[in-house]
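> Attaching a predicted model along with its sequence, questions to come.
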Amino acid sequence: MTRLPNAKFSVCVWNQGHEASLERNTIYAVVQDRAAAADGDGRIVNESGEDYLYPAAWFIAIDVPDRVQESVLRATA
């Protein structure tokens, strides 16, 4: 698997009320969605490979090494 130049990742830092679908301190892939961002949300890909909207404040954007990126993308494919 090769690194995707536009791939973005975030760590979940808050999940109250969504404990079943989000795990705190877990790295998630982020799908670019300008409309969601304009509303203060982020489109997050969970372990099932589906993306959902959550408040952007629940996540912190991070840079990840290639091997971590590949692992996260593989887990959500």
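That came through, no problem.
> Now do the helices in this protein.
34-38, 66-75 (DSSP state H).
> Thr26 is nearest to which of these?
Counting by Cβ to Cβ, Thr26 lies closest to helix 66-75 out of the helices of the chain; the figure is 9.4 Å. Just so you know, the C-beta spots here come from the backbone N, C-alpha and C atoms, and that holds for glycine as well.
> quick revisit: just name the most buried of the helices of the chain.
helix 66-75 (a mean of 14; mean count of other Cβ atoms under 10 Å).
> Next, work out how far apart Asp41 and Pro65 are.
Distance of Asp41 to Pro65, given as Cβ to Cβ, to the nearest Å: 27 Å.
> Please apply the same query to Leu53.
Taking Cβ to Cβ, one finds Leu53 at 27 Å from Pro65.
> Those two: who's more crowded?
Between Leu53 and Pro65, counted using other Cβ atoms under 10 Å, the more crowded position is Leu53 (15 against 9).
> Cheers, nothing more for now.
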